[in-house]
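In: Kindly return the folded structure for what I paste below:
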Amino acid sequence: MTRTDQSYFYPVLREGLSDYVDGSVFKLEIANERIEDQGASQNFCFNCKVWLSNVELINLVNDGQAKLLLVIYCSATMQRLTREISTIGKSEPIDIPATQVFGHVELQPLVVLRRNEIDFKPSGANAEYGPSSFKLKRGAFLAIGEALRVTFSSERLDKRSFFRVQQSDDLDKNVYEFLTAPDQITILMGSNVWQAWNLLTSDLDEKPYLFMSIYKDLLQEAVQVAITSPSDFVWAEKLMDLMQAHGINPQGNPSPTDIHKAVLKLLGRDGIERVIADEN
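Out: Prediction:
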């Protein structure tokens, strides 16, 4: 997210700072957060409304000299998306593919200069900026709103948003391990594992071996964590619903062997059955 406390040589409208002293407001409102099915996929949807009260900034946006943006950042998937908002003070729908965001998502409004260069001297600015105007170039921030945080959890457990992978030079080259976080699980991989991962994920004929190895270990780790602390992880409830459908009752204190068998059953169609498909 763009920092609201960064120093600029010109006035930038931000909540809690004194660049403007006339009571100018710039803020974001979010409503009707929901998950919508789009065929075989899902979208995270919400309505957003941006309030802006400074006359000069409103005119710049309405005249097309500046643009009103919504920045969407998800730390779990490392995705940073930008949507342009067309109208000030009017609710607009926003749709995001569920594969791009998961868990906690930050939403921040910005007003950014679109023109190549302008002389900028807004009314309401703090007198400390003096009587002169400021020459601003394209891309300059004119207003930075406070970021809002929302949580999205898909009704389906999509492996693309459930975890992420990262190479680690601190691990033995043939080792991988899991780091669980509220939003997502990170698979840290040594150099050889990382190379093997890239080879297996790029070849459909080889991908079933992931379901018999790394995916299997990942799911076992996740189930054990979800059973122990279900409320600490945004993905835990959906995962346990999935596992219950395959014979694991989180209230029944399942043994590691029970979990192992359930995971093998869940992944069998994409793993072992794919490997032997050509032989049957």
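In: contacting residues for Phe163?
Out: Residues near Phe163 by Cβ atoms under 8 Å, 6 or more residues apart in numbering: 184-187, 218. In short, each C-beta sits where N, CA and C put it, glycine included.
In: can you check Ile30 too?
Out: The contact partners of Ile30, by Cβ under 8 Å, 6+ apart, come to 46-48, 107, 148, 150.
In: Work out which residue lies at the spatial centre of the chain.
Out: Cys74 (2.1 Å; Cα atoms, centre = their mean).
In: Tell me the one of the contacts of Phe163 nearest Leu60?
Out: Each of these was scored against Leu60 by Cβ to Cβ, and Gln184 proved nearest at 38.5 Å.
In: quick one: which of the contacts of Phe163 sit in helices?
Out: The helices, defined by DSSP state H, take in Leu218 from these.
In: Neighbour count added to the contacts of Phe163, as a markdown table?
Out: Output for those, formatted as a markdown table (neighbours: other Cβ atoms under 10 Å):
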| residue | neighbour count |
| --- | --- |
| Gln184 | 22 |
| Ile185 | 20 |
| Thr186 | 17 |
| Ile187 | 22 |
| Leu218 | 21 |
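In: Among the contacts of Phe163, find me the one that's closest to Val225.
Out: Nearest member of those to Val225, counting by Cβ to Cβ, is Ile185, at 8.2 Å.
In: so the closest one makes contact with Ala222?
Out: Yes - look at Ile185 against Ala222 with Cβ atoms under 8 Å: they come within range, at 6.0 Å.
In: Distance from stretch 172-187 to the middle of the chain?
Out: Chain-centre distance of stretch 172-187: 18 Å, with Cα atoms, centre = their mean, to the nearest Å.
In: same deal with stretch 191-204?
Out: Computed by Cα atoms, centre = their mean, the chain-centroid distance of stretch 191-204 equals 25 Å.
In: go on, stretch 49-68?
Out: Stretch 49-68 sits 27 Å away from the centroid of its parent chain (Cα atoms, centre = their mean).
In: what sits up against that stretch?
Out: Contact partners of stretch 49-68, identified using Cβ under 8 Å, 6+ apart, comprise 13, 20, 22-29, 31, 70, 84-86, 88-92, 109-115, 118, 122-124, 142-143, 145.
In: Okay then, goodbye and thanks.
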